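Asker: sequence plus the predicted model coming up.
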Amino acid sequence: MQVSGLDWTLIIVYFILALSIGLYFSKRGGSSIIEYFTSGRSLPWWLAGTSMVATTFAADTPLAVTELVANHGIAGNWLWWNMVMSGLLTVFLFSRLWRRAEVLTDVEFTELRYSGKPAAILRGFRALYLAIPINLIILGWVTLAMVKIIELTIGVDKWIAVGICVLVTLAYSGLSGLWGVVVTDFFQFIIAMVGSIALAVFAVDAVGGISGLKESLVSLYGPELGVLKFTPEIGSAWMPVTAFFVYLAVNWWAAWYPGAEPGGGGYIAQRMFSTKDERHSLFATLWFNVAHYTLRPWPWILVALVSMILFPNIEDKQTGYILVLLHYLPSGFKGLLLASFAAAFMSTVSTQLNWGSSYLINDVYKRFIKPDASPQHYVTAARWATVGLVLGGALVTSHMDSIAGAWKFLLALGAGTGAVYILRWFWWRINAWSEISAMAASFVVSLFLQFGMGMDTTNAEVFARVMLITVAVSTLVWLSVTLMTSPENEDTLLCFFRKVRPGGKGWKPIASKAPDVQTDMGLGWDLMDWAAGIVLIYTTLFGVGKIILGNLGLGIMLLGISLLCFLFIRWDLNRRGWTAFKE
């Protein structure tokens, strides 16, 4: 690709901006691990929420979406669209609870909710499991995407280019901690969105506008394939009935997946308990879900559809997105889009580094190895931990050849654990052994099915079977273990109940011993907001899509339904006092 002087200037300006932000916040972020890992619990909702969106907008995301659309049409995105239900559950049921917990990591929550050696073992194991294998898989697949992009675009060694991106990311995230991460995330999200929209505009223009796009797709693939349908044809080869059932009825609550954890968790939870208060936590998570599902996808989908017309015979469907960039963007815009890819890549990597090091330092090093060191000592240790994670991520990149395949692998691996992560907030009987047995059963069953039995989760029907079997077995295991083991001691349960104040009848035996605690009484209304939020997200997503593709009447009707849902949620939150912000 011919990269002009203007293109290089835009790329260099972006890198200077990212480094400058890191240097500016280095003193504040390095003062303690509370500042380093949670920004002193002082983030406003719009900054925390945008950081969540930017983190899930990695360089791999448009490539994975392109692969899904090229293989299965627009409806292929149900692989991740089904997560709306989990995301909205986090907004209305869990965001406030996470903020009240006032933990430094979601793994630290383990010893707030449970007690004794099982809790300590669970905390240490989950910290290492998430910080190393899971974190390195994520770092590996986003690096794989960036390698593919650089390989096809600029005339420099791909590993040198990726190395520069990673080193700059390491510099600003290592120096300033979460402060540098979230502030750079804000600018990176803007850059990434502008770049993706610009590419979509030029791409659609190259095939004769929306009408030319639709005509070409019908001509090449036929109307019977339904490339432009928003919902899959149930019973088709790629979306059998079982798979669609799993996506809509099982995945969202049963499977743990980074960024869409049932009950919240990971770097999403990190942003929630970094906010100013529980109101900001709720609005941050709501903004994240709206932006994640309704603002971002359509530019990617449009470019993916264009790639199916312009490059119908390419073997690696992911690269269709990059090929459109190469051939149809003018000078200047190429630099903008390359900067946007770098921004998307670096926002995800910076979060993974900060998130992973928070587990290694707060939940392993500080908890088990050196519990009484100075705040500066832990910050220094965290910076070294980020270096180690960078080196580890580099080792796994070469072992991945499908980004969407990595998504499905993680989904299958985490199947069956989600119910525990939801119920631990609302049922006093859940104990540390519940989580341990759920994780162990899911891990063993999923790996046995995928590798021992040779079940290939890249096949939709097989993926659905793996999910159903894993969920069924692991649920049976953890429920049995829960009922066969003793509950947590009363002091721990009372302490948790007083601090977090969860509502619902699942805490009735503990609530009777703490009559002075005022719990959340609006669980039914929370569930109504959840349902309205789901409708809001889907009608906005599909309404925007219908308008883009020329069906103005239906699009406006869907957006009207979305507006009604928004007004209902706003009315309910206002009625309950949730629009008052603490500044």
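Answerer: Received, thanks. Residues are numbered from 1 along each chain as shown.

Asker: all helices of the stretch 151-300 of the chain, in order?
Answerer: Listed in chain order, the helices found in the stretch 151-300 of the chain under DSSP state H, counting those that start in this stretch are 158-176, 178-206, 209-221, 241-246, 252-254, 266-272, 278-290, 297-310.

Asker: out of those helices, which is the most enclosed?
Answerer: Greatest average neighbour count among those goes to helix 266-272 (a mean of 28), per mean count of other CB atoms under 10 Å. For every residue, glycine as well, the C-beta is placed using N, CA and C.

Asker: what does it rub up against?
Answerer: For helix 266-272, contacts defined as CB atoms under 8 Å, 6 or more residues apart in numbering pick out 37-38, 43, 48-49, 51-52, 55, 90, 95, 98-99, 105-106, 130, 178, 182, 258-259, 261, 264, 281, 284-285, 288, 351-352, 354-355, 358.

Asker: pLDDT below threshold where in the stretch 101-250 of the chain?
Answerer: For the stretch 101-250 of the chain, the stretches with pLDDT under 70 are 155, 158, 224-225, 235-238.

Asker: one more time with 80, if that's ok
Answerer: Applying pLDDT under 80 to the stretch 101-250 of the chain picks out residues 141, 144-145, 147-149, 151-159, 161-162, 223-226, 233-239.

Asker: if we can go back for a sec, which among the contacts of helix 266-272 count as buried?
Answerer: Listed as buried from the contacts of helix 266-272 are 37-38, 43, 48-49, 51-52, 55, 90, 95, 98-99, 105-106, 130, 178, 182, 258-259, 261, 264, 281, 284-285, 288, 351-352, 354-355, 358; burial here means 16 or more other CB atoms under 10 Å.

Asker: quick one: average confidence on the host helix or strand of E67?
Answerer: In this structure, E67 sits in helix 60-72 according to DSSP states H and E. Mean per-residue pLDDT for helix 60-72: 89.

Asker: how big is the angle separating that helix from helix 178-206?
Answerer: If you take axes from the mean of the first three to the mean of the last three CA atoms, to 10 degrees, helix 60-72 sits at 40 degrees to helix 178-206.

Asker: and helix 60-72, which residues are buried?
Answerer: Residues of helix 60-72 classed as buried: D60, T61, P62, L63, A64, V65, T66, E67, L68, V69, A70, H72 (neighbour count, 16+ other CB under 10 Å).

Asker: would TSV of those with distance to I268 be doable?
Answerer: Listed next are the buried residues of helix 60-72 as TSV, based on distance: CB to CB, whole Å:
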residue	distance to I268
D60	18
T61	16
P62	21
L63	22
A64	19
V65	20
T66	25
E67	24
L68	22
V69	26
A70	29
H72	27
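
Asker: tell me the one of those nearest A381?
Answerer: Using CB to CB, D60 is the member of the buried residues of helix 60-72 that lies nearest A381, at 29.6 Å.

Asker: am I right that that closest one is in contact with A145?
Answerer: Yes: with contacts defined as CB atoms under 8 Å, D60 counts as touching A145 at a distance of 3.4 Å.

Asker: closest to M455 out of the helices of the stretch 151-300 of the chain?
Answerer: helix 241-246 (13.3 Å).

Asker: contacts for the closest one?
Answerer: Identification of contacts with helix 241-246 by CB under 8 Å, 6+ apart yields W78, P232, I234, G235, A460, E461, F463, A464, R465, M467, L468.

Asker: give me that answer again for 10 Å
Answerer: Under the criterion CB atoms under 10 Å, 6 or more residues apart in numbering, residues 75, 78-79, 82, 231-236, 240, 251, 254-255, 411, 415, 459-468, 471 lie in contact with helix 241-246.

Asker: surely L325 meets A206?
Answerer: No: between L325 and A206 there is no contact under CB atoms under 10 Å: 11.4 Å.

Asker: hang on, the earlier thing: okay, the helices of the stretch 151-300 of the chain in CSV with distance to M453 next?
Answerer: Converted to CSV, those look like this (distance: least, CB to CB, whole Å):
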stretch, distance to M453
helix 158-176, 36
helix 178-206, 40
helix 209-221, 34
helix 241-246, 17
helix 252-254, 20
helix 266-272, 29
helix 278-290, 36
helix 297-310, 33
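
Asker: among those helices, which is nearest G393?
Answerer: Nearest of the helices of the stretch 151-300 of the chain (CB to CB): helix 158-176, 8.1 Å.

Asker: and the angle for the closest one with helix 178-206?
Answerer: Using the same axes, to 10 degrees: helix 158-176 against helix 178-206 is 140 degrees.

Asker: ok, the nearest residue to L68 once chain neighbours are set aside to Y378 distance?
Answerer: Leaving aside its chain neighbours, L68 sits nearest to G76 (3.6 Å; criterion: CB to CB, 6 or more residues apart in numbering). Using CB to CB, to the nearest Å, G76 is found at 44 Å from Y378.

Asker: more neighbours: which of these two?
Answerer: G76 (25 against 21; other CB atoms under 10 Å).

Asker: contacts only, for that one.
Answerer: By CB under 10 Å, 6+ apart, the neighbours of G76 are 64-70, 227, 232, 238-239, 301, 304, 404, 460.

Asker: about what we covered before: between the helices of the stretch 151-300 of the chain, which one is closest to A432.
Answerer: So among the helices of the stretch 151-300 of the chain, helix 266-272 is nearest, using CB to CB, at 18.6 Å.

Asker: may I have that closest one as CSV, with CA atoms only?
Answerer: C-alpha atoms of helix 266-272 as CSV (Å, rounded to 0.1, in the frame of the first residue of the first chain):
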residue,chain,number,x,y,z
GLY,A,266,-13.3,-8.6,34.4
TYR,A,267,-12.4,-5.2,32.9
ILE,A,268,-16.1,-4.2,32.8
ALA,A,269,-16.4,-4.6,36.6
GLN,A,270,-13.1,-2.8,37.0
ARG,A,271,-14.7,0.3,35.3
MET,A,272,-17.8,-0.1,37.4
